[in-house]
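S.K.: predicted model and sequence follow; I will ask about them next.
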Amino acid sequence: MYERILVPTDGSDGIDSVVEQVVELAQVHDATIHAVYVINTASFANLPMETSWDGVNEMLSNEGDTALNRLEELIDGRVPVKRVLLEGSPSKEIVRYAKTEDCDLIFMGTHGRGGIDRLLLGSVAEKVVRTSDIPVLTVRVSSQRD
């Protein structure tokens, strides 16, 4: 039923519980996990002009590699993993990648923010749920790293 499961990460703590659940699902279906990190290019649009784009891009790429490394560590070879580093708007890139790679499911963590936090910070998960034609399963991330 599920051959390709997309698991986006933003490098947040608490992804451990999400990984445990998606690995179990992937093992049952003999699926490959597509681990995706999206460099949010809009987040550095307001940097001063004198800022080195190369330096910023390298720093954000390093953050993405760190997040993907963490995800792979947690998966620990239990299922096949394809790592992908994308650039753009996170929700749009997640949905676009899932469609392009013919993913069967988007399995993502959510912080469950509400009120002013959600208003100020937005919710990538909510945008993905609203715009994706592919089924999306959200799991609340734990608040602390084990």
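M.R.: Looks like it came in fine.

S.K.: rest of the way, CA atoms for contacts and neighbours
M.R.: OK.

S.K.: least trustworthy helix or strand in this protein by mean pLDDT?
M.R.: In the chain, the helix or strand scored least confidently by mean pLDDT, DSSP states H and E is helix 115-121, which has a mean of 54.

S.K.: show me the helices in this structure, by range?
M.R.: Here the chain has its helices, by DSSP state H, at 16-29, 53-75, 90-100, 115-121, 124-131.

S.K.: so the last one versus helix 90-100, what angle?
M.R.: Translated: helix 124-131. Comparing the axes of helix 124-131 and helix 90-100 via axes from the mean of the first three to the mean of the last three Cα atoms, to 10 degrees yields an angle of 50 degrees.

S.K.: adjust the sequence numbering to begin at 307 for everything that follows.
M.R.: Taking 307 as the first residue, the last one we looked at is helix 430-437.

S.K.: returning to that earlier point: and of the helices of the chain, who's closest to Ala341?
M.R.: When the helices of the chain are compared for distance to Ala341 using Cα to Cα, the nearest one is helix 359-381, at 6.7 Å.

S.K.: just the mean pLDDT for the closest one, thanks.
M.R.: Taken as a whole, helix 359-381 has an average pLDDT of 88.

S.K.: just stretch 437-452 next, same as before
M.R.: 81.

S.K.: cheers, nothing more for now.
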